[in-house]
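Undergrad: Got a sequence here, can you model it:
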Amino acid sequence: MTKQLYIGGAWINSMSSERIPVINPATEEVFDYIVAANADDIDTAVRAAREAFDNGPWPAMKGSERAVILRKIAAGITERKAELARLEVMDNGKPYAEAEWDIEDAAGTFSYYADLAESLDDSDEVISLADERFSCKAVKEPLGVAGAIIPWNFPLLMAAWKVAPALAAGCTMVLKPSEVTSLTALVLAEIVDEVALPPGVLNIVTGFGTDAGRALSEHPGVDKLAFTGSVPTGSTIMRAAAKEIKNISLELGGKSPFIVFADSDIEAAVEWIMFGIFWNQGQVCSATSRVLVEEAIYPQLLARLVEEANKITLGPGDEEGVLLGPLVNESQYCKVLAAIEKGVAEGATIACGGKRPASLTTGYYLQPTVLVDMQEDSAVWQEEIFGPVVCVKPFSDETAAVRMANNSRFGLAAAVMSRDNDRCERVAGQLRSGIIWINCSQPTFTEAPWGGYKQSGIGRELGHWGLNNYLETKQITTYRSDEPWGWYIKP
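TA: Just a heads-up that it's a prediction; the model follows:
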């Protein structure tokens, strides 16, 4: 079934005749098609969002009124959780349990921002001035029309991270999901249509990044761009935003370190290392893909990591007990294999994995892979692989560990493990990353800020920081005195 575009509160046909096949990464079979929207479709969507913001009711509604609809969206997602999770398994390849968790998080994100929308009704800040003849307040207002471009690794959840705070703030939005995984975004359109969101507030347009994505990032009717994805694409979007000084937030790549000190519980360390790199097939921007282990426990920890990695069950995400599904598509599969091959050519050793499982001849499957012996300046240690590949190196002391961890152009996340809480806090304070985990890796909470240092991005999502991405602050100052000002006209 060929999908349409959701623009202006209605399902409409695209001006493009091109269609994008939807491929199940577990079977390599085409099971659906979506529209490859063009620049004219994007223009129609932006105009609808512009009209909804400039002349529609949404921005002027009370936050509590918007909250009612946000909670209805959350309920709609929850009601269709099983359907949405199955779609993400077919579309993305992730195991069903992971997909179900993602859908629950997406619903929770809308509920959380419904609460924050209500808080906007009492958010005016009275400012104390030295000159008592004046009163002053700062008010928050919706920023305008937002253009959001999201990746394929957490399809509905990444949509929620942008759509929910934007709508809570009173903005309107054009959302372009990844051309690789657009199906749950289209179900989100069905849900918002059912809850009577005013027309044009949320428009969902499928298509390629090179066409629809570029048109959205360059459109003069867009006030803000929000992007999650690769550094090269983020740089391109930043250049487009610079032409008209658009507000921008970028959540880009990472090569996050995980420091394990010798006093750590090895079993706990192995569990968190695996969760930090094999969850979602390692296709996670914050994946702790560089593991630094203190020399005293390096051999023992490495042996246990290899042993447990070899036990992970691979297969289609809808099969019981599967903990590692296929990579998202052939392109990503080939990129990860090429990265491993380059790593070996540069001196790395494959401790386990590194190839397709012999039992799975169809689908984009890759064994959990552990690499060792690489140089600190090698590509596998420095560059994001975005697959189930972890690089492990020993370190001598705390100073060396911090230096090695910070020796990266990325700074999204980092983790540190030790029984010494003071040392964990000390090291956390020295790591140049936006998210630090102590004695764990990857737990993510809607209430806490998400974003990185250096080339990992600009701005923060989630929490009240995510809401502020879509708000402008306005100063309103009033002259209260009965006395004339008397600068030009003397009393």
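Undergrad: wait, doesn't residue 112 sit right on residue 164?
TA: Yes. Contact criterion C-beta atoms under 8 Å: residue 112 and residue 164 qualify, at 7.4 Å. (Glycine included, C-beta is placed from N, CA and C.)
Undergrad: Now do the domain split for this protein, please.
TA: 5-252+456-476, 257-438 (automatic domain parsing).
Undergrad: Figure out the length between the terminal residues of the last one.
TA: So that's domain 257-438. End-to-end span of domain 257-438 (C-alpha to C-alpha, to the nearest Å): 12 Å.
Undergrad: Strands of the stretch 101-250 of the chain, residue ranges please.
TA: For the stretch 101-250 of the chain, the strands defined by DSSP state E, counting those that start in this stretch cover 125-127, 134-142, 145-149, 172-176, 202-204, 224-228, 247-251.
Undergrad: now for the ones you listed, which one comes closest to residue 79?
TA: strand 202-204 (18.3 Å; C-beta to C-beta).
Undergrad: for the closest one, which positions count as buried?
TA: Buried residues in strand 202-204, counting neighbours by 16 or more other C-beta atoms under 10 Å, are found at 202, 203, 204.
Undergrad: Equivalent analysis for stretch 3-17, please.
TA: 3, 5, 6, 7, 8, 9, 12, 14, 16.
Undergrad: okay if I get the domains of the chain as JSON lines plus mean pLDDT and distance to residue 491?
TA: Below are the domains of the chain laid out as JSON lines (pLDDT from 0 to 100; distance: least, C-beta to C-beta, whole Å):
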{"stretch": "domain 5-252+456-476", "mean pLDDT": "97", "distance to residue 491": "14"}
{"stretch": "domain 257-438", "mean pLDDT": "98", "distance to residue 491": "56"}
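Undergrad: For those domains, give me a markdown table that also has distance to residue 450.
TA: Output for the domains of the chain, formatted as a markdown table (distance: least, C-beta to C-beta, whole Å):
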| stretch | distance to residue 450 |
| --- | --- |
| domain 5-252+456-476 | 4 |
| domain 257-438 | 7 |
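Undergrad: Quick check: the gap between residue 456 and residue 428.
TA: Distance, residue 456 to residue 428, by C-beta to C-beta, to the nearest Å: 17 Å.
Undergrad: neighbour count winner among those two?
TA: A direct count of neighbours by other C-beta atoms under 10 Å for residue 456 and residue 428 places residue 456 higher, at 29 against 16.
Undergrad: Find the residue closest to the more buried one in space, skipping its chain neighbours.
TA: In this structure, residue 456 finds its nearest non-sequential neighbour in residue 412, 3.8 Å apart by C-beta to C-beta, 6 or more residues apart in numbering.
Undergrad: Check residue 26 too.
TA: Once flanking residues are discounted, residue 26 sits nearest to residue 316: 4.0 Å by C-beta to C-beta, 6+ apart.
Undergrad: Look up how far residue 365 lies from the one you found.
TA: Going from residue 316 to residue 365 by C-beta to C-beta gives 9 Å.
Undergrad: Name the residue in residue 112 and residue 164 with the higher neighbour count.
TA: More neighbours surround residue 164 than the other of residue 112 and residue 164, with 29 against 24 (other C-beta under 10 Å).
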